[in-house]
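# How does the following fold in three dimensions:
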Amino acid sequence: YLMAQHYGYDSIPDGDYWLDIMTTQRPMDEIENNDDLGQANEIQFPLVDFYGSIGVGGYDGDDDDFFVFDASPGALVLVYVESNSWTTSVAGELQDSMGTVLVTSEIDGSIGYVIQPSDTGPFFLHITPDTGSGLYILNGTVEASTLWQTNVVDDSTSVDLGEWASLTVLSNGHPGSIYYDSPNADVYFAYSDSLDGLGSWTITPVDVGAQNVGYWLSGGMINGKPAAAYLLDDTSELFFAMCPNADGSGVWNVTSVDTNGHYDPSVAEINGLPAVAYETDSSDLWFGINSDMNAAGVWTTYPVTASGDGAYYTSLIALSGGYPGASYVAHNVEEVRFASCDAIDGSGTWSYSTVHTNAGGCTCAALINGYPAVLYRNNDDDCLWYSINSSYDGMGTWSHSKVSEESIGGYPSLMANGNPVIIYPSNNGTIYYAENSQMDGLGEWTNEIVVLYSDTGSNRALGFVNGKLACMYASKTTPSTTCLSFATPSGS
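Coordinates of the predicted model:
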């Protein structure tokens, strides 16, 4: 449990440590009532909307609040502190019994820390005002750690790397990633020098320097070679890049798909050929396919919709039998839809079904047990939902399942690993892993935290590397810099 306690005297400066030199202690009334009386409060983890109050010289004169608790090595301490008054802003700090600061939150931010064997308990949660006086709210848990091993892939070329990162598995089994360098508007490819992705990575340019490219990047593997689609920033022309070598080395071939590409391309291999789904400047979904397996031929494009309802957050997949299918957000009517074609090259009739109304923010499609399934944000609760269709072409009935009570904060990734598995970010940047108890994804979802507060970047890409799950993501190294990172479960 947490015990609301105050050590020493109110006059000790905020941030100083006094446990070794002061012996007096008294419980502190954390829900202040403008009196001098201590009031002991024992509160249990999980903390759910625990209200406290604080102020520099205000209320009882305290300028900080301490809670003390015990935790064993390997425990994951998660606390979110936020102000509940326009007059104040607050921050949190976790200390051990020696006064060592283990982790500090940003203002109105999160604390996440795994207790190490070298840490000395009991531990102290310190809440301090940044400005003003007022109420704050604590939410938090102490639970067994399920964090994955992480490895920085690229932090070298700019201060903002890793947005729209993909996770690919090369023909030699090594992981790779195509990603965006935001400040320089360039596209890079990185591949691991080891099978597990936890060693060094080699960085190669895909489309660098000549023009501003890489917006709304989508990467994947086409016929065993890495490939990507992205937009030219200043004209929204859609480009497709493909490497002639299976390991991603060498000069990539770049071709133009459509001069009217506008938003959110998604790449896939359809009938052995490179293909891309995307929104045009008419707010319709289009499909493009190349005549050559190495994208050296002619691009032919076909309209999928003609309603002007919008086509954000596209996700293109090959359906059973090789036919193209794509999920997308019809953003002008706030619907998640799924479209499929009756011709394997996309030249036939396209039909669509509505997956979920009043939904959007993201989609990710995958074949689950042979049937199309889609992830998306439900606008009614801002949480991540999963739907699977009763028909192989996605034109049957959609069944729905809520993945998590956490508000989703970015783009998820879906794949089949026997049962469906998901990587997704919460609204505070924490990356979660979810797995369903049934092959169709309509059973119970188990959610666990695997990366703490990556906090930025659009895509979190899930894959299977060296016999284990893995993900690629952008992580915040400082408040103003991000890098490309890789994560995989600890152990064998």
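# Helix or strand: which one has the residue most central in space within the chain?
Residue closest to the mean C-alpha point of the chain, counted by C-alpha atoms, centre = their mean, is Pro425 at 3.4 Å. Assessed by DSSP states H and E, Pro425 sits inside strand 419-425.
# Quick one: list the elements packing against that strand.
Packing partners of strand 419-425 (3 or more C-beta pairs under 8 Å, 6 or more residues apart in numbering; DSSP states H and E): strand 371-378, strand 383-389, strand 398-407, strand 413-417, strand 431-436, strand 461-465, strand 468-478. Any C-beta I mention is one placed from the backbone N, CA and C, and that applies to glycine too.
# circling back: how far away is the residue nearest to the centre of the chain from Asn419?
Per C-beta to C-beta, to the nearest Å, Pro425 is found 21 Å from Asn419.
# Let me know whether Pro175 touches Ser166 as I believe.
No. Using C-beta atoms under 8 Å as the test, Pro175 is too far from Ser166 to be in contact (10.3 Å).
# Just the mean pLDDT for stretch 117-130, thanks.
When pLDDT is averaged over stretch 117-130, the result is 85.
# How about stretch 94-102?
Rounded mean pLDDT across stretch 94-102 is 91.
# how long is it end to end?
5 Å (C-alpha to C-alpha, to the nearest Å).
# Equivalent analysis for stretch 338-357, please.
12 Å.
# So Ser200 is in contact with His174, correct?
No. Contact criterion C-beta under 8 Å: Ser200 and His174 do not qualify, at 11.4 Å.
# Spit out the residues that contact the two alike.
Ser192, Asp193, Ser194 (C-beta atoms under 8 Å, 6 or more residues apart in numbering).
# and of those, the nearest to Thr397?
Taking C-beta to C-beta as the measure, Thr397 sits nearest to Ser192 out of these, at 41.7 Å.
# residue contacts, the closest one?
By C-beta under 8 Å, 6+ apart, the neighbours of Ser192 are Val153, His174, Pro175, Gly176, Gly199, Ser200, Trp201, Phe486.
# so it bridges to which residues?
Beta-bridge partners of Ser192, counted by DSSP bridges, are Trp201.
# What's the separation between it and Ala185?
Taken as C-beta to C-beta, the span from Ser192 to Ala185 is 25 Å.
# One more: Met293?
Distance of Met293 to Ala185, given as C-beta to C-beta: 29 Å.
# sorry, back to before: who's more crowded, Ser200 and His174?
His174 (22 against 9; other C-beta atoms under 10 Å).
# Can you check what pLDDT the model gives the closest residue to that one other than its chain neighbours?
Closest residue in space to His174, ignoring its immediate chain neighbours: Ser192 at 4.7 Å, by C-beta to C-beta, 6 or more residues apart in numbering. Ser192 is assigned 97 on the pLDDT scale.
# The closest residue to Ser236 other than its chain neighbours - how many residues pack around it?
Spatially, and ignoring its direct neighbours in sequence, Ser236 is nearest to His262 (5.0 Å; C-beta to C-beta, 6+ apart). Other residues within reach of His262, judged by other C-beta under 10 Å, total 21.
# you'd agree His262 is up against Leu285?
No. His262 sits out of contact with Leu285 when judged by C-beta under 8 Å, with a separation of 10.6 Å.
# Overlap of the contact sets of these two?
Counting by C-beta under 8 Å, 6+ apart, the common neighbours of His262 and Leu285 are Tyr278, Glu279.
# that older thread, let's have the helices and strands packed on strand 419-425 in JSON lines, adding mean pLDDT and distance to Asn212.
Listed next are these as JSON lines, based on pLDDT from 0 to 100; distance: least, C-beta to C-beta, whole Å:
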{"stretch": "strand 371-378", "mean pLDDT": "97", "distance to Asn212": "29"}
{"stretch": "strand 383-389", "mean pLDDT": "97", "distance to Asn212": "32"}
{"stretch": "strand 398-407", "mean pLDDT": "94", "distance to Asn212": "33"}
{"stretch": "strand 413-417", "mean pLDDT": "95", "distance to Asn212": "27"}
{"stretch": "strand 431-436", "mean pLDDT": "95", "distance to Asn212": "29"}
{"stretch": "strand 461-465", "mean pLDDT": "93", "distance to Asn212": "23"}
{"stretch": "strand 468-478", "mean pLDDT": "89", "distance to Asn212": "19"}
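# how about the closest residue to Thr357 other than its chain neighbours, what does it touch?
Setting aside the residues directly before and after it, Thr357 is nearest to Glu335 in space (C-beta to C-beta, 6+ apart), at 5.3 Å. Going by C-beta under 8 Å, 6+ apart, Glu335 touches Asp309, Val329, Thr354, Val355, His356, Thr357, Asn358, Ala359, Gly360.
# So which of those residues are in helices?
Judged by DSSP state H, the contacts of Glu335 include no members of helices.
# Just name the closest of the shared contacts of Ser200 and His174 to Asp440, please.
Ser192 (33.3 Å).
# which among the contacts of Ser192 end up buried?
With burial judged by 16 or more other C-beta atoms under 10 Å, the buried subset of the contacts of Ser192 is Val153, His174, Pro175, Gly176, Trp201, Phe486.
# Among the residues you listed, which pair sits farthest apart?
Taking C-beta to C-beta as the measure, the buried ones among the contacts of Ser192 have their most distant pair in Val153 and His174, spaced 12.2 Å apart.
# Which helix or strand in the chain has the lowest average pLDDT?
strand 25-27 (a mean of 30; mean pLDDT, DSSP states H and E).
# Touching, the residue nearest to the centre of the chain and Gly409? I think so.
Yes. Here Pro425 reaches Gly409: they are 4.6 Å apart, a contact under C-beta under 8 Å.
# one step back: so the residue nearest to the centre of the chain versus Leu316, what's the distance?
Pro425 is 22 Å from Leu316, by C-beta to C-beta.
# next one: Gly272
When Gly272 is compared with Leu316 (using C-beta to C-beta), they lie 15 Å apart.
# ok, and for stretch 274-294, which residues are buried?
Result for stretch 274-294 [16+ other C-beta under 10 Å]: buried residues 274-280, 283-290, 293-294.
# Oh, that last question was meant for stretch 364-384, not what I typed.
In stretch 364-384, counting by 16+ other C-beta under 10 Å, buried: 364-368, 371-378, 383-384.
# repeat for stretch 240-250
Here stretch 240-250 shows Phe240, Ala241, Met242, Cys243, Asp247, Gly248 as buried, counting by 16+ other C-beta under 10 Å.
# tell me the mean pLDDT for it?
Here the average pLDDT along stretch 240-250 is 94.
# Now go through the buried residues of stretch 274-294 and say which are in strands.
274-280, 285-290 (DSSP state E).
# Quick one: these as JSON lines, columns for distance to Leu414 too.
Listed next are those as JSON lines, based on distance: C-beta to C-beta, whole Å:
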{"residue": "Pro274", "distance to Leu414": "22"}
{"residue": "Ala275", "distance to Leu414": "19"}
{"residue": "Val276", "distance to Leu414": "19"}
{"residue": "Ala277", "distance to Leu414": "16"}
{"residue": "Tyr278", "distance to Leu414": "20"}
{"residue": "Glu279", "distance to Leu414": "21"}
{"residue": "Thr280", "distance to Leu414": "26"}
{"residue": "Leu285", "distance to Leu414": "20"}
{"residue": "Trp286", "distance to Leu414": "23"}
{"residue": "Phe287", "distance to Leu414": "21"}
{"residue": "Gly288", "distance to Leu414": "23"}
{"residue": "Ile289", "distance to Leu414": "23"}
{"residue": "Asn290", "distance to Leu414": "26"}
